[in-house]
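[1] sequence-free structure coming up:
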Ligand SMILES: Nc1ncnc2c1ncn2[C@@H]1O[C@H](COP(=O)(O)OP(=O)(O)OP(=O)(O)O)[C@@H](O)[C@H]1O
Ligand SMILES: [Mg+2]
């Protein structure tokens, strides 16, 4: 069993989009824990069109132990658990980094995002030091990439400087926003599309990294 957390302290970088779509590839032996009080992944699942469960599980107040126990209970009997985190440093992010095998950090190409990425990579390093196991592994993923822009063309090189693995990028595509509106993951909404192919490529890297347990 492998636990994958989608983490970045910056909002709107594609955490929920990647959580739901990567889970679509990993289905059926996967559940998504929606740890964000904004409940984006939960709303995505509302129409009942996703091939895996999304469990609304915000972590607020002092229920850290109960939250971890509930997450691990959901992981029981499945190959993968995907945790979608809120865009802030808080108990949920700390708890997820304490239990996950792999932290996936989507980064969209802008200066502000890169600053938040520094902090996310620091947090992952702190979690590794505390756990003393080398975990969580990290994967930085160029997200919402428009390669026509200078920042979009350069993002992979910039991310490599963090010294962590860099995943295959996910381009900015209208189909991703439309798939959310349809309550579907991209493999059902636009099977065989370029967006679907990018998500499959990312999921296979995530599987490989998360499998190094
Ligand atoms: N690759 C993409 N192409 C086009 N639109 C995208 C892509 N990824 C995400 N989006 C859109 O960007 C917005 C933010 O995405 P998403 O909710 O996944 O980010 P997030 O990091 O989870 O945000 P938050 O920090 O608020 O939880 C949404 O409207 C989503 O549809
Ligand atoms: Mg989100």
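    The structure has been received and is ready for your questions. All values reported here derive from a predicted model rather than from experimental measurement. Ligands and ions are numbered 1, 2, ... in the order given.
[2] Against residue 194, how distant is residue 176?
    Residue 176 sits 11 Å away from residue 194, taking C-beta to C-beta, to the nearest Å as the criterion. The C-beta positions use only the backbone N, C-alpha and C, and glycine is treated the same way.
[3] do the same with residue 134
    Noted for residue 134: a distance of 35 Å to residue 194, by C-beta to C-beta.
[4] of the two, who's got more company?
    When residue 134 and residue 194 are compared for neighbours, residue 194 comes out ahead with 12 against 8, by other C-beta atoms under 10 Å.
[5] Please list all residues in contact with that one.
    Each residue near residue 194 by C-beta atoms under 8 Å, 6 or more residues apart in numbering is listed here: 171, 173.
[6] Phi, psi for it please.
    Dihedral angles of residue 194 (phi, psi; degrees, to the nearest 10) stand at phi -60, psi -40.
[7] What ranges does the protein have for its strands?
    Counting by DSSP state E, the chain has these strands, from start to end: 2-6, 30-34, 54-56, 80-84, 102-107, 137-142.
[8] From ligand 1, how far out is residue 9?
    9 Å (C-beta to the nearest ligand atom, to the nearest Å).
[9] Surely that residue is in contact with residue 92?
    No - with contacts counted by C-beta atoms under 8 Å, residue 9 stays clear of residue 92, the gap being 11.8 Å.
[10] So what's the residue count around residue 70?
    15.
[11] give the contact list for residue 165.
    137, 138, 139, 140, 205, 209.
[12] same question, residue 138
    Residue 138 sits in contact with 102, 103, 104, 105, 121, 124, 164, 165, where contact means C-beta under 8 Å, 6+ apart.
[13] Quick one: residues contacting the closest residue to residue 204 other than its chain neighbours.
    Ranked by C-beta to C-beta, 6 or more residues apart in numbering and with sequence neighbours excluded, the top spatial neighbour of residue 204 is residue 25, at 7.9 Å. Contact partners of residue 25, counting by C-beta under 8 Å, 6+ apart, are 187, 199, 200, 203, 204.
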